[in-house]
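**Student:** What would the 3D arrangement of this be:
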Amino acid sequence: MNLLSRDLLNPSKPGGGIVFAVVFILIAIAVGALVGRSARRLAGRSDDQLQRGRIEFIAQITRLAAYTIIAIAYAHLIPALRATGTALLASAGVMGVVLGLAAQNTLGNLIAGISNAMYRPFDVGDRLVVPGPDGVETGVIERLTLGNTVLRTEDNRRLVIQNSVMSGQAIINLTGEDPRVQAIVSVEVAYSSDVDAARRMPVDAADAHPGVTDVDGCSVVELGPSTATLLLLAWSPDASTARDAQYDLYETAFQAFWANVLDARTRPRTST
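**Tutor:** Numbering: from 1, shown residues only. The predicted structure is shown next:
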C-alpha cells in the first residue's frame with residue numbers, strides 16, 4: 001500500500017502522471033470558473049453593452065493564458081513530457097515576442113490607459129485642451145477606456161484620442177481644483193491716442209461684464225511701428241464663461257473703435 005501511494009505521488013510513474021493530470025485539470029477548471037464568475041460580476045455592474053463585451057474578451061484571454069501556464073507546468077513536472085514542456089515554453093516566449101511586436105500600438109494604449117487610471121491626471125467630465133487633427137481642440141471627457149479617451153468638443157463632435165497619444169503630449173486640464181480661467185484681450189492703440197483713456201475702456205467693459213469676477217489690469221505689453229498693444233487680463237469662473245467674456249470684450253472694443261472713428265470723421269474741423 002505504501003509502495004502504491006509512493007507510485008501515485010511520483011510524477012515519473014504512470015500512476016503518478018495520471019493523478020497529477022487530474023489535479024492540474026481540477027486546478028484549470030477552478031481557475032476558469034473563478035475568472036468567469038469575476039467577469040460576470042463586473043459585466044453585471046455595467047450598463048454599456050460594449051463594455052460588457054470587452055470584459056468577456058479579457059476573461060477569455062485570461063482563461064487561455066491560465067490554461068497555457070498550467071499545461072506548461074504539468075509538462076515540466078512529468079519527466080517524460082519535460083522536453084515537450086520546454087518546447088512549449090520556448091514557443092510561448094517566441095509567440096509573445098511576435099504578438100508584442102504586432103500589437104505594439106495596442107499594448108502601448110493599454111499600458112497608457114492603466115497608467116491614466118492609476119495616476120488620474122484627468123477624469124470623466126473634465127474639460128481639456130488637446131492637440132487635434134485640425135488644430136487645438138477643447139472638449140469635455142465623455143468616456144475613458146483602456147484604449148482611448150473620448151472628448152465631446154464645443155461644437156458637439158466626438159474626438160477619439162488614443163491613450164498613448166494622451167500620455168505623450170502636453171494637455172491643459174481646465175477643470176482642476178481652481179477652475180477659474182483668464183479672459184485675455186489685446187487691443188492696439190495708435191501712439192497719438194490717449195493711452196489712459198484707451199486703457200479705461202476695456203477695464204470698464206470687463207468690470208461691467210457678468211462673466212468676469214476680477215480684473216488684473218490692462219498694461220502695455222508690446223510696442224509696434226505705429227501702435228502700442230494693451231493686454232487686458234480678466235478672471236472668469238470657468239473656461240466656457242471666459243471664452244464668452246473674451247468674445248464680448250473684443251466686440252465692445254471693436255464697437256468703441258468704430259465709434260471713435262465715426263466721431264473723428266463727423267467732428268467739425270476748426271480752421272487755423
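
**Student:** Give me the pLDDT for Met201.
**Tutor:** Looking at Met201, its pLDDT stands at 85.

**Student:** In three-state terms, label it for me.
**Tutor:** On the three-state scheme (DSSP: H, G, I helix; E, B strand; the rest coil), Met201 is labelled helix.

**Student:** doesn't Phe254 make contact with it?
**Tutor:** No - using C-beta atoms under 8 Å, Met201 is not in contact with Phe254; the gap is 11.3 Å. No exception for glycine: its C-beta is placed from N, CA and C like everyone else's.

**Student:** Looking at these two now, which is surrounded by more residues?
**Tutor:** Met201 (20 against 11; other C-beta atoms under 10 Å).

**Student:** Would you quantify the distance from Asp238 to Ala183?
**Tutor:** Distance from Asp238 to Ala183, counting by C-beta to C-beta, to the nearest Å: 11 Å.

**Student:** Give the buried residues for the host helix or strand of Leu128.
**Tutor:** In this structure, Leu128 sits in strand 127-132 according to DSSP states H and E. Using 16 or more other C-beta atoms under 10 Å as the burial criterion, the residues of strand 127-132 that qualify are 127-128, 130.

**Student:** Tabulate those (JSON lines), appending pLDDT and distance to Pro179.
**Tutor:** Shown next, in JSON lines, are the buried residues of strand 127-132 (pLDDT from 0 to 100; distance: C-beta to C-beta, whole Å):
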{"residue": "Arg127", "pLDDT": "83", "distance to Pro179": "8"}
{"residue": "Leu128", "pLDDT": "87", "distance to Pro179": "13"}
{"residue": "Val130", "pLDDT": "87", "distance to Pro179": "17"}
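
**Student:** the helices in the chain, which residues?
**Tutor:** 2-8, 14-44, 49-77, 82-102, 104-119, 163-167, 195-208, 239-266 (DSSP state H).

**Student:** of Asp238 and Ala183, who's got more company?
**Tutor:** Neighbour count, other C-beta under 10 Å: between Asp238 and Ala183, Ala183 has more, with 25 against 14.

**Student:** who does that one bridge with?
**Tutor:** Ala234 (DSSP bridges).

**Student:** so who does it touch?
**Tutor:** The contact partners of Ala183, by C-beta atoms under 8 Å, 6 or more residues apart in numbering, come to 206, 211-212, 232-236, 242-243, 245-246, 249.

**Student:** Which of those sits closest to Val195?
**Tutor:** Leu232 (13.4 Å; C-beta to C-beta).
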